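Novice: Okay, sequence plus prediction incoming.
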Amino acid sequence: MKGQVALVTGAAMGIGLACAEAFAKEGATVIMADIKKPDEQAQKFVEVGYKAVAYECDVADSQAVKAMIDWIVATYGRLDHALNNAGIQTPQRPMAEITEEEFDRTVAVDLKGVWNCMQYEIEQMLKQGGGQIVNTSSQGGVTGFPGQAAYISCKHGVIGLTRTASMDYAAKNIRINAICPGVIATPMLEDLVARNPKLGEDLVRDIPAGRLGKPSEIADAVLWLCGPKATFVHGHALLVDGGFTIH
């Protein structure tokens, strides 16, 4: 990916950070976007010789997203790859107990945020003759999960958006796919398990692989979707969940 430019939203930690590192290791210039500018993370990449830059952006704000894509193109001349990964979760409560404000904010980031990013990414990719987009859904994008009605509905929506947009632009040399991570050992999850060891046992119990996933395993799948060995993969929702959804 030398000479190519990749955007990763939600790049400050967890899956987004791992994916940003994977793009950088392949030689791409990586724009690491998050609602709070991830300067420290980008600087660590630069110190080991990677090409990375931090950018502050709230993906729920369409004009902020437009400004980000405009800046990327003005600075680097193109946008080859985009991972639309930024997302939030609502507190775990039954559907009718989730407030309207919580639902609206979840939709604004987890679904409308992907929509906002895709609009301006696609606009640029059409101008330059192609590109790759991966949207982060979840294993919850193909299942239900108690207490997460707002989050899960958005992740289902991301898959529908991915498939339909792929049909719109596949013939224009723009490949659009989704990644569906299972339960991944991110710092946030590790903190939860440290406070409640039983939670870790419960999470692993339903995973045939018998363990949590690693952020690097999601990054490997994202890089494959964006790479030259997946050139006939369009509109796919790739589950990377240790087999959770097969039973």
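Specialist: Looks like it came in fine.

Novice: pLDDT averaged over the longest helix along the chain, what's the number?
Specialist: As assigned by DSSP state H, the longest helix anywhere in the chain is helix 149-169. Averaged across helix 149-169, the pLDDT comes to 97.

Novice: Tell me which other helices or strands whichever helix or strand comes after that helix touches.
Specialist: Counting by DSSP states H and E, the next helix or strand C-terminal to helix 149-169 is strand 174-181. With contacts taken as 3 or more Cβ pairs under 8 Å, 6 or more residues apart in numbering; DSSP states H and E, strand 174-181 sits against helix 112-128, strand 131-136, helix 149-169, helix 215-226, strand 237-240. For the C-beta atoms, the positions are set from N, CA and C on the backbone; glycine is no exception.

Novice: what lines up beside strand 174-181 in the sheet?
Specialist: strand 131-136 (parallel), strand 237-240 (parallel) (DSSP bridges).

Novice: tell me which helix or strand of the protein sits lowest on mean pLDDT?
Specialist: helix 187-195 (a mean of 73; mean pLDDT, DSSP states H and E).

Novice: Spatially central residue in this structure, please.
Specialist: Nearest residue to the geometric centre of the chain (Cα atoms, centre = their mean): residue 85, 2.1 Å.

Novice: Isn't that residue up against residue 6?
Specialist: No - at 11.6 Å, residue 85 does not count as touching residue 6 under the criterion of Cβ atoms under 8 Å.

Novice: Export the strands paired with strand 174-181 as JSON lines, with columns for mean neighbour count, mean pLDDT and distance to residue 229.
Specialist: Conversion of the strands paired with strand 174-181 to JSON lines gives the following (neighbours: other Cβ atoms under 10 Å; pLDDT from 0 to 100; distance: least, Cβ to Cβ, whole Å):
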{"stretch": "strand 131-136", "mean neighbour count": "26", "mean pLDDT": "98", "distance to residue 229": "12"}
{"stretch": "strand 237-240", "mean neighbour count": "20", "mean pLDDT": "98", "distance to residue 229": "13"}
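
Novice: can I get those in a markdown table with distance to residue 218?
Specialist: Formatted as a markdown table, the strands paired with strand 174-181 follow (distance: least, Cβ to Cβ, whole Å):
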| stretch | distance to residue 218 |
| --- | --- |
| strand 131-136 | 8 |
| strand 237-240 | 6 |
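
Novice: Out of those, the one nearest residue 51 is which?
Specialist: strand 131-136 (17.9 Å; Cβ to Cβ).

Novice: contact partners of the closest one?
Specialist: With Cβ atoms under 8 Å, 6 or more residues apart in numbering as the test, strand 131-136 has contacts from 10, 15, 79-85, 87, 114, 118, 121-122, 124-125, 158, 161-162, 165, 173-179, 181, 222, 225-226.
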